[in-house]
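> coords below, sequence missing:
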């Protein structure tokens, strides 16, 4: 049993993401330095064959239901407690070949941190007490944070995994994308309820732990959003305009409605 357990959560529909960003090669280069866990939602044989070649210590096959919250619940329920546990989805990746070195540096330098991840900000859950009652988790009623961990993914300490095993995601959470998003928020509120220390990975959002494509764009918008929700309006304005300029250069206009809405709010407060 190594000190670090790296986990990849994948599915019969998304498994090819694992090789899309070349992270599989980085896994191969240092595979003997950590244990590996795979959660595969669905029974696609090609996906099974891909992940088998990495000889994971843990390989969990399950029905493709419940989206990420159910997969995270399944993983946390079954894995042993390691000194540190890295939880990723198949579209997470590290650009640097020194990703494992950097993780070890974080572990050694900041032993007091329970969870490292990409931290996002958004409106709190609407009618959260009613939702919690439906799910049987009324003990969370006082917790409805604007801050949450993206993808329920990141680096978790022994303390974090030990405590999260005592408060798993509710099994009664419905299927569907909307409830998957609720699950992300509920998971974060569980973290705060348990008193765990959650911190943004160094260098900023999507700078170290990357997610799919468009990471620079996501960094600019999410950073601006963070400053808006923390009432740092000058910084919010700066980053929203940086995002706008980046989108102009790359001809990306998909989220202009959100951008201009948030800019209007920012200018109003200024």
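Cool, the structure landed. It should be emphasised that the depicted structure is a prediction, and the values quoted were computed from it without experimental measurement.
> look up the closest residue to residue 179, ignoring the ones flanking it.
Once its chain neighbours are removed from consideration, residue 179 has its nearest residue in residue 173; the separation is 5.5 Å (C-beta to C-beta, 6 or more residues apart in numbering). To be clear about C-beta, it is placed using only N, CA and C from the backbone, and glycine gets the same treatment.
> would you say the one you found is within a helix?
No - under DSSP: H, G, I helix; E, B strand; the rest coil, residue 173 falls outside any helix and is assigned coil.
> for the stretch 51-200 of the chain, give me the ranges with low pLDDT.
Across the stretch 51-200 of the chain, no stretch falls below the confidence threshold (pLDDT under 70).
> show the contacting residues for the residue nearest to residue 179.
If a contact means C-beta atoms under 8 Å, 6 or more residues apart in numbering, then residue 173 has 66, 69-70, 135, 179, 182-183, 186 as its contacts.
> could you dump those residues to TSV with distance to residue 231?
Putting the contacts of residue 173 into TSV (distance: C-beta to C-beta, whole Å) gives the following:
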residue	distance to residue 231
66	36
69	30
70	36
135	31
179	30
182	26
183	28
186	25
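> most neighbours among those residues, which one?
Neighbour counts for those peak at residue 186, which has 26 neighbours (criterion: other C-beta atoms under 10 Å).
> secondary structure element for that residue?
In this structure, residue 186 sits in helix 177-193 according to DSSP states H and E.
> re the thing from before, and the residue nearest to residue 179, how far from residue 14?
When C-beta to C-beta, to the nearest Å is the yardstick, residue 173 and residue 14 sit 20 Å from each other.
> can you show me the helices along this structure?
Listed in chain order, the helices found in the chain under DSSP state H are 17-20, 23-29, 45-52, 67-78, 99-109, 128-135, 158-164, 177-193, 215-229, 233-250, 256-269.
> just so I know, which of these lies nearest residue 6?
helix 23-29 (7.4 Å; C-beta to C-beta).
> contacting residues for residue 216?
Remark: with contacts taken as C-beta under 8 Å, 6+ apart, residue 216 is in contact with 206, 246.
> can you check residue 124 too?
Neighbouring residues of residue 124 by C-beta under 8 Å, 6+ apart: 144-146.
> tally of neighbours for the nearest residue to residue 229 once chain neighbours are set aside?
Spatial nearest neighbour of residue 229, chain neighbours left out: residue 121 (3.9 Å); criterion: C-beta to C-beta, 6+ apart. Using other C-beta under 10 Å as the criterion, residue 121 is surrounded by 17 other residues.
> swap in residue 8?
Once other C-beta under 10 Å is used to define contacts, residue 8 is seen to have 24 neighbours.
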